[in-house]
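Peer 1: next one to model:
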Amino acid sequence: MSNTVKTPPRVTFASITPNNLGTVRKLNSVLFPIKYSEKFYTDILSPEVEDFCKLGTSISASESWLMVYHSASLL
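Peer 2: All right, here's what the predicted structure looks like:
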């Protein structure tokens, strides 16, 4: 049995902006089996949903990167 303590990954969340929208599009196309409309991508840039639509980054103890997209289904 090991006495190693695992450190949880650090996760940060950022607002979705025109600058990272391409990343969101790519993640959606790879992770989800549906095609989102242009209206969806326009809507997630709206300030009214900024608290619910975020792009998160997590870096694990092994220094590998994982991008996570989180969106509430309020659109």
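
Peer 1: how about low-confidence regions in the chain?
Peer 2: By pLDDT under 70, the low-scoring segments of the chain are 1-2, 9, 59-75.

Peer 1: would you map the helices across it?
Peer 2: Under the criterion DSSP state H, the chain carries helices at the ranges 21-31, 38-43.

Peer 1: export those as a markdown table, with columns for distance to C53 and mean neighbour count.
Peer 2: No exception for glycine: its C-beta is placed from N, CA and C like everyone else's. Converted to a markdown table, those look like this (distance: least, CB to CB, whole Å; neighbours: other CB atoms under 10 Å):
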| stretch | distance to C53 | mean neighbour count |
| --- | --- | --- |
| helix 21-31 | 9 | 13 |
| helix 38-43 | 9 | 12 |
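
Peer 1: could you dump these to JSON lines with distance to L55?
Peer 2: Shown next, in JSON lines, are the helices of the chain (distance: least, CB to CB, whole Å):
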{"stretch": "helix 21-31", "distance to L55": "6"}
{"stretch": "helix 38-43", "distance to L55": "13"}
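
Peer 1: ok, which of those comes nearest P8?
Peer 2: Among the helices of the chain, helix 21-31 comes nearest to P8, with 22.1 Å by CB to CB.

Peer 1: now do that closest one: which elements does it pack against?
Peer 2: helix 38-43, strand 65-71 (3 or more CB pairs under 8 Å, 6 or more residues apart in numbering; DSSP states H and E).

Peer 1: now that helix - C-alpha only, CSV.
Peer 2: Taking C-alpha atoms only, helix 21-31 is exported to CSV below (Å, rounded to 0.1, in the frame of the first residue of the first chain):
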residue,chain,number,x,y,z
LEU,A,21,-15.2,29.8,-29.8
GLY,A,22,-13.3,27.6,-32.3
THR,A,23,-12.1,25.4,-29.4
VAL,A,24,-15.7,25.1,-28.3
ARG,A,25,-16.8,24.1,-31.8
LYS,A,26,-14.1,21.5,-32.1
LEU,A,27,-14.9,20.0,-28.7
ASN,A,28,-18.6,19.8,-29.5
SER,A,29,-17.9,18.1,-32.9
VAL,A,30,-15.6,15.5,-31.2
LEU,A,31,-17.6,14.9,-28.0
